[in-house]
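> Predicted model and sequence follow; I will ask about them next.
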Amino acid sequence: VRFSYMRMKYLFISWLVVFIGSWVMYVQYSTYTELCRGHDCRKIICDKYKTGVIDGSACSSLCAKETLYFGKCLSTKPNNQMYLGIWGNLQGVIKCQMEEAAQLDFDTDPEPRKEIVLFDKPTRGTTVEKFKEMVYGLFKAKLGEQGNLSELVNLILSFADGNKDGRVSLPEAKSAWALLQLDEFLLMVILHDKEHTPKLMGFCGDLYVTERVEYTSLYGISLPWIIELFIPSGFRRSMDQWFTPSWPRKAKIAIGLLEFVEDIFHGPYGNFLMCDTSAKNLGYNDKYDLKMLDMRKIVPEMNLKEIIKDRQCETDLDCIYGTDCRTLCDQSKMRCTTEVIQPNLAKACQLLKDYLLRGAPSDIHEELEKQLYLCIALKVTANQMEMEHSLILNNLKTLLWKKISHTNDS
């Protein structure tokens with residue numbers, strides 16, 4: 001009887017392990033197949049290209065010559081497909097939009113897309129001058145009367161000319177118009193000459209290819225998903241800080257983030273707001289120069305104000321866009337106000353605090369901590385915020401540069 005009981009116990013435990021393991025595998029497989037739909041993405045784009053609807057610098061390589069390949073899946077959301085890509089001898093990152101988003105909302109990605117109307121503009125018979133007016137109007141709506149919008153329009157037309165024949169065809173214009181609906185693409189064009197923005201390599205429809213960044217997280221280590229399940233989140237955050245570059249290299253990466261914040265703060269085309277300041281959206285190359293990996297939640301300030309000005313609310317928690325852009329709820333009107341409370345610099349310093357203070361040289365630790373906390377305390381509504389913003393940013397950059405300027409890491 002004892003033998004039978006023990007055998008039944010082991011059989012039950014074995015069955016339970018197999019059942020749980022199978023269930024976990026099924027959930028992971030289902031998640032992967034939902035997140036990683038590169039085949040569908042390629043089919044949609046290539047069908048449009050082969051029927052003459054769209055064209056672009058990457059179309060022939062993707063759909064005809066087949067020299068642009070989808071590699072490892074990096075997607076975190078089904079409607080934003082992202083893959084490592086190989087284009088001839090070059091490595092890049094392929095980004096492709098999928099799925100239908102009904103409207104622009106706080107819980108959705110900032111670029112709605114509907115399959116049934118995709119690539120419907122500009123229509124046949126549209127002249128180049130008319131297309132330029134369309135693009136100018138789009139920029140004015142997104143950015144306001146900022147900088148030299150006509151110059152930006154010409155930059156877009158130059159990029160849209162995928163085959164570099166000196167003219168923009170209707171299929172190329174359809175691709176460019178679809179891409180301009182994406183805030184990330186618009187920002188990449190505006191910051192095309194800045195070192196912290198990955199370079200655009202090509203496009204086809206609203207699929208685009210950017211340069212690959214060697215290190216795809218500010219810190220941390222990638223573990224198999226089965227191990228991740230058993231690591232408490234608090235311990236995981238602490239463990240992430242163990243796997244970082246040396247302090248001088250961390251300082252150089254941090255300076256890169258501060259410079260990027262400077263680039264998008266009241267630049268020639270207005271202010272852009274970082275609405276998801278996360279380590280997973282930042283990377284760096286083999287020279288420890290910071291590169292932005294994901295800029296989908298960096299949006300024009302004017303555009304964000306238009307989105308949230310009529311947003312109904314009961315508490316301040318109803319007035320959050322992305323994860324980081326927060327406004328206040330006006331209780332008298334039950335509507336969200338339009339002023340984002342925390343500036344980009346404060347959010348960047350919050351992200352960098354533990355990253356920089358861990359292992360910081362003792363002779364600057366106290367001053368560095370003081371400057372970081374002053375930075376985190378910055379508020380948009382504070383008097384002379386712009387002056388304080390510039391002062392703190394310059395103080396941080398100077399403090400870090402002085403400490404690493406004599407090292408090889410600088």
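That came through fine.

> what's the burial count for residue 183?
22 (other C-beta atoms under 10 Å). C-betas here are computed from N, CA, C, even on glycine.

> Is it in contact with residue 296, as I believe?
Yes. Using C-beta atoms under 8 Å, residue 183 is in contact with residue 296, at 6.6 Å.

> all strands for the stretch 201-350 of the chain, in order.
Per DSSP state E, counting those that start in this stretch, the stretch 201-350 of the chain carries strands over the ranges 207-211, 272-274, 282-284, 290-292, 298-300, 320-321, 325-326, 329-330, 335-336.

> which of the residues in stretch 126-143 are buried?
Buried residues in stretch 126-143, defined by neighbour count with 16 or more other C-beta atoms under 10 Å: 126, 131-132, 134-135, 138-139, 142-143.

> Extract the C-alpha set from it and format it as CSV.
Extracted as CSV, the C-alpha positions of stretch 126-143 are listed here (Å, rounded to 0.1, in the frame of the first residue of the first chain):
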residue,chain,number,x,y,z
THR,A,126,-2.0,65.4,-57.1
THR,A,127,0.9,67.7,-58.2
VAL,A,128,4.2,68.0,-56.3
GLU,A,129,3.2,71.5,-55.3
LYS,A,130,-0.1,70.2,-53.9
PHE,A,131,1.7,67.4,-52.0
LYS,A,132,4.1,70.0,-50.5
GLU,A,133,1.1,72.0,-49.3
MET,A,134,-0.3,68.8,-47.7
VAL,A,135,2.9,68.1,-45.9
TYR,A,136,3.2,71.8,-44.8
GLY,A,137,-0.3,71.6,-43.4
LEU,A,138,0.5,68.4,-41.5
PHE,A,139,3.6,70.0,-40.0
LYS,A,140,1.7,73.1,-39.0
ALA,A,141,-1.0,71.0,-37.3
LYS,A,142,1.6,68.9,-35.4
LEU,A,143,4.3,71.5,-34.7
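
> which residues are contacting it?
121-122, 149-150, 152-153, 156-157, 167-168, 170, 173, 176-177, 180, 186, 269-270, 300, 302-303 (C-beta atoms under 8 Å, 6 or more residues apart in numbering).

> Buried among these? Make that a ChimeraX selection.
If you want just the buried ones from the contacts of stretch 126-143 in ChimeraX, going by 16+ other C-beta under 10 Å, the selection is:
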select :122,149,152,153,156,157,168,170,173,176,177,180,186,269,270,300,302,303
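
> spatially speaking, which residue is in the middle of the protein?
In the chain, the residue lying closest to the centroid (C-alpha atoms, centre = their mean) is residue 294, at 2.0 Å.

> Turn the buried residues of stretch 126-143 into CSV, including secondary structure and distance to residue 252.
Listed next are the buried residues of stretch 126-143 as CSV, based on DSSP: H, G, I helix; E, B strand; the rest coil; distance: C-beta to C-beta, whole Å:
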residue, secondary structure, distance to residue 252
126, coil, 47
131, helix, 42
132, helix, 41
134, helix, 42
135, helix, 37
138, helix, 37
139, helix, 34
142, helix, 33
143, helix, 31
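
> Dump those into TSV; add pLDDT and distance to residue 204 as well.
TSV is the format used below for the buried residues of stretch 126-143 (pLDDT from 0 to 100; distance: C-beta to C-beta, whole Å):
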residue	pLDDT	distance to residue 204
126	89	20
131	94	19
132	93	22
134	94	20
135	94	19
138	92	20
139	92	23
142	89	23
143	88	26
